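**Student:** Pasting the sequence and the predicted coordinates here, then a few questions.
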Amino acid sequence: MAKKNISNDDLLANIIKGIEEVKGNDIDILDLRAIDNTVCDYFVICNGTSNTQVNSIVNSVQKIVSKELKDKPWHVEGTENGEWVLMDYVNIVVHVFQKHIREYYNIESLWGDAKITTIQNKY
């Protein structure tokens, strides 16, 4: 059975929906498409207030993307401690941090040439 193509826009929308569903904070989308030699098209970065909320965000994203698009991440790592969880959907990589870990690594600054879109919290 051939896998259907899922547009980046549909995947981004459902990832954002999953983050917002459990009140993930400070959502940024980094558009990496104009940068040479990047590993994917987009990074989605957000944070939670605890390891429990970080894992809830991850679970919510997986559940919504699976339900709406019948897709699952190629790889997930970091759920054991819930400080920084990476979800790899191949074209889109989602980073879910605890706030202090996000501030420490500041990966947005590593991709300074990326176009950054900030999603305003709806709550």
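**Tutor:** Everything's here; your move. Numbering: from 1, shown residues only.
**Student:** So which elements touch the helix or strand of the chain with the lowest mean pLDDT?
**Tutor:** Least confident element among the helices and strands of the chain, by mean pLDDT, DSSP states H and E: helix 107-110 (a mean of 91). If you count contacts as 3 or more CB pairs under 8 Å, 6 or more residues apart in numbering; DSSP states H and E, helix 107-110 packs onto strand 42-48. C-beta: built from backbone N, CA, C; applies to glycine.
**Student:** change it to 10 Å
**Tutor:** On a contact count with 3 or more CB pairs under 10 Å, 6 or more residues apart in numbering; DSSP states H and E, helix 107-110 meets strand 25-31, strand 42-48, strand 92-98.
**Student:** What separation do you get for the residue most central in space within the chain and Asp36?
**Tutor:** Nearest residue to the geometric centre of the chain (CA atoms, centre = their mean): Val94, 2.3 Å. Going from Val94 to Asp36 by CB to CB, to the nearest Å gives 22 Å.
**Student:** Return the helix or strand following the least confident helix or strand of the chain as CSV; C-alpha atoms alone will do.
**Tutor:** Following helix 107-110 in sequence order, the next helix or strand is strand 115-119 (DSSP states H and E). Below are the C-alpha coordinates for strand 115-119, written out as CSV (Å, rounded to 0.1, in the frame of the first residue of the first chain):
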residue,chain,number,x,y,z
LYS,A,115,12.3,32.8,8.9
ILE,A,116,10.6,32.5,12.3
THR,A,117,6.8,32.6,12.7
THR,A,118,5.5,33.0,16.3
ILE,A,119,2.1,31.5,17.0
